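my questions concern the predicted model and sequence given below.
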Protein chains: 2
Amino acid sequence: MTASSFDVLTMGNAIVDVIAQVDEKFVVKHGLVKGSMNLIDEERAEYLYSDMGPAIEVSGGSAGNTAAGVASFGGKAAFFGKVKADQLGDIYRHDMRAQGVAFDSAAATYGPATARSFIFVTPDAERTMNTYLGACVNLTTADIDERIVSAAQVTYMEGYLFDRQEAKEAFRLAARIARKAGRLTSVTLSDSFCVERHRDDFLALIRNDIDIVFANESEIKSLYQTQNFDGAVKAIAQDCDIAVLTRSEKGCVIVSNGKTIAVPAHPVDEVVDVTGAGDLFAAGFLHGITNGRDYAAARNSAASRRRK
Amino acid sequence: MTASSFDVLTMGNAIVDVIAQVDEKFVVKHGLVKGSMNLIDEERAEYLYSDMGPAIEVSGGSAGNTAAGVASFGGKAAFFGKVKADQLGDIYRHDMRAQGVAFDSAAATYGPATARSFIFVTPDAERTMNTYLGACVNLTTADIDERIVSAAQVTYMEGYLFDRQEAKEAFRLAARIARKAGRLTSVTLSDSFCVERHRDDFLALIRNDIDIVFANESEIKSLYQTQNFDGAVKAIAQDCDIAVLTRSEKGCVIVSNGKTIAVPAHPVDEVVDVTGAGDLFAAGFLHGITNGRDYAAARNSAASRRRK
């Protein structure tokens, strides 16, 4: 194993967030499930956009947010993801690089435009995502730069990639390269509906290729098809080395080597918007473990960042 | 004079704001003058973008902000401005319409991309703008829809349009149409350097074609080349029916029919970002006078909105 050039390499859908405040009526009208991520086609994207209010555009994407978070803590971060060579793609690349993230995946020169996700934030601070994947469909095994994977202490991948067969293969290839190079592999389950769509594939990947699993309560319950959180904790303990399970205001639970560590949440006076909270939590944890901190401290590093 | 379909028509540069926080060192390094608006060419736009941090994109432009503000108060607003038929142009049109502003100016199908303005916000809450006008250079007299101008109680134009000859002509044409239809005309001086570049043209326009002039302290002083605010007040009183002069924390002064009304500022605990403050002030005033409120109340309507 050679020296690592990166603390964390993340890999996921390169998406520009289009964030708008909406009221509860909008959620009902469009049949949205609060807190979820929905994949939408171009037609529905156009329909929702025509019906939503003014928005702000911010580079996002789960794994992209996590890479930016790692860099913001002073860590060395890289990112694999696919934009198109268009205005939003240029903005995405600028924003990643401006935050100190190495992002050299080639832009697609044909096919659909750079991905966007309409993020509707309701007055209760919950976010509901509607993602048009656009150019992300062009992310394939050809985009896995072996030198970068081999040079990263941890390769972290978002479960959302499992929604496309080519990306799933790229995901598996990256995991194999990382393992071969003696590096750590990590995945976040991303969304309970995503888990439902790909449960068997997730379980096989975790059992064979993954060291560290991130999930929230509903995702881990969905993975093991149980309503019992403690049952899910026992199950994941059998399937991977480290599981990091977030539980919103109840803090998080870290399962490692048969031990379970519960870390309480930092109290927050008023929650304004939970968009990206899980992504930055993962960033804090990954930055912590790649910089020699123990698990509980790693989690606190993430929490203190999120409150800024 | 037929019934008005619009309370306020605004006309200006259609610009997507690219907003980033910067430190004082960045301001010094790039030789920026805080609080100013600088026109930049494509090469400098690329250079500044490559050196600035991650940003958020928000539809902006001075007169566009004012139209959106009028609509947000419940007023009927329309906007003339030029975008290109590209992703940022689509975003701009969406945002204007989603806020209830009638925006039907045709998009340019050739030439430079939709305009953007890099807005650097320093820790002292001041904003410094660097604007690449892009597609705005295509706004000409052909974009002045006579029916809309004739149907608006007030046609309001931003002084920034004076930086291009074709737009200046479009500006004058709109003023003439509005006057002929018995409507009010209004202009904001926009920026003291813009006034300096076009002082004589501004004075001629105000004396001949404008009813209501908006300016801040440095702009009105620049117009009359004086360091004495009271002297500038006396001068503008001779040149137009209504002058609305903003003075930051000192509130504003309204000059009308030989009378001067001083209205104090609402106190604000902490100023975070002054971007767009003047644009929304104008929106509040214009909404007030087109909905039967007196001058002092119109100004307070603007102030209460800005503090939200």
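Yep, that arrived.

around chain B, pick out the residues from chain A.
Contact residues, chain A versus chain B (Cβ under 8 Å from any Cβ of the partner chain): A:49-50, A:52-59, A:68, A:86-88, A:91, A:94-96, A:98-99, A:113. For glycine as for every other residue, the C-beta is placed from the backbone atoms N, C-alpha and C.

now that we have those residues, which of them are buried?
A:49, A:52, A:54-59, A:68, A:86-88, A:91, A:94-96, A:98-99, A:113 (16 or more other Cβ atoms under 10 Å in any protein chain shown).

inside helices: which ones of those residues?
Those of those mapping onto helices are A:49, A:68, A:87, A:88, A:91, A:94, A:95, A:96, A:98, per DSSP state H.

let me see the contact set for residue A:65.
Residues in contact with residue A:65, defined by Cβ atoms under 8 Å, 6 or more residues apart in numbering or on different chains, are A:276, A:279, A:280, A:283.

now do the helix or strand containing it and helix A:87-98, the angle between them.
Using DSSP states H and E, residue A:65 maps to helix A:62-72. Between helix A:62-72 and helix A:87-98, the angle comes out at 30 degrees (axes from the mean of the first three to the mean of the last three Cα atoms, to 10 degrees).

now the helices for the stretch 201-308 of chain A?
A:217-223, A:229-239, A:277-289, A:295-306 (DSSP state H, counting those that start in this stretch).

by contact count, what packs against the shortest one?
Taking 3 or more Cβ pairs under 8 Å, 6 or more residues apart in numbering or on different chains; DSSP states H and E as the contact definition, the neighbouring helices and strands of helix A:217-223 are helix A:192-197, helix A:199-209, helix A:229-239, strand A:242-246.

wait, residue A:93 sits on residue A:83?
Yes - counting by Cβ atoms under 8 Å, residue A:83 is a contact partner of residue A:93 at 6.5 Å.

identify the contacts common to the two.
residue A:107.

could you list the low-confidence segments of the stretch 1-150 of chain A?
Applying pLDDT under 70 to the stretch 1-150 of chain A picks out residues A:1-3.

quick one, helices of it?
Here the stretch 1-150 of chain A has its helices, by DSSP H, counting those that start in this stretch, at A:24-29, A:42-51, A:62-72, A:87-98, A:146-150.

go through these and pick out the most buried.
Compared across those, helix A:62-72 shows the largest average neighbour count, a mean of 28 (mean count of other Cβ atoms under 10 Å in any protein chain shown).

can you give me the offset of it from its chain's centre?
On the basis of Cα atoms, centre = their mean, to the nearest Å, helix A:62-72 sits 9 Å off its chain's mean C-alpha point.

deepest of the helices of the stretch 201-308 of chain A, which one?
Ranked by mean neighbour count, those are led by helix A:277-289 with a mean of 25 (mean count of other Cβ under 10 Å).

just the CA trace of it, in CSV.
Extracted in CSV, the C-alpha atoms of helix A:277-289 (Å, rounded to 0.1, in the frame of the first residue of the first chain):
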residue,chain,number,x,y,z
ALA,A,277,-27.5,17.1,7.1
GLY,A,278,-26.8,13.4,6.6
ASP,A,279,-24.2,14.1,3.9
LEU,A,280,-22.3,16.4,6.2
PHE,A,281,-22.6,14.0,9.1
ALA,A,282,-20.9,11.4,6.9
ALA,A,283,-18.2,13.9,6.0
GLY,A,284,-17.5,14.6,9.6
PHE,A,285,-17.2,10.9,10.5
LEU,A,286,-15.0,10.1,7.5
HIS,A,287,-12.8,13.0,8.2
GLY,A,288,-12.5,11.9,11.8
ILE,A,289,-11.5,8.3,11.1
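
that helix - contacts with which helices or strands?
strand A:6-11, helix A:62-72, strand A:152-158, strand A:184-188, strand A:212-216, strand A:242-246, helix A:295-306.

quick one on the thing from earlier: and the helices of the stretch 1-150 of chain A: which comes nearest residue A:126?
Nearest of the helices of the stretch 1-150 of chain A to residue A:126, taken as Cβ to Cβ: helix A:24-29 at 9.1 Å.

circling back to that earlier point, can you put the helices and strands packed on helix A:217-223 in a markdown table and add distance to residue B:157?
Output for the helices and strands packed on helix A:217-223, formatted as a markdown table (distance: least, Cβ to Cβ, whole Å):
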| stretch | distance to residue B:157 |
| --- | --- |
| helix A:192-197 | 50 |
| helix A:199-209 | 58 |
| helix A:229-239 | 62 |
| strand A:242-246 | 52 |
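
for these, which one sits closest to residue B:220?
Closest approach to residue B:220 among these (Cβ to Cβ): strand A:242-246, 55.8 Å.

what's the mean pLDDT across the closest one?
Mean per-residue pLDDT for strand A:242-246: 95.

what sits against the residue nearest the centre of chain A?
By Cα atoms, centre = their mean, chain A has its centre lying nearest to residue A:62, at 3.3 Å. Going by Cβ under 8 Å, 6+ apart, residue A:62 touches A:12, A:13, A:158, A:160, A:188, A:190, A:278, A:279.

list the contacts of the closest residue to residue A:135 other than its chain neighbours.
Nearest residue to residue A:135, sequence neighbours excluded (Cβ to Cβ, 6 or more residues apart in numbering or on different chains): residue A:84, at 3.9 Å. By Cβ under 8 Å, 6+ apart, the contact set of residue A:84 is A:107, A:108, A:109, A:111, A:112, A:113, A:114, A:134, A:135, A:138.
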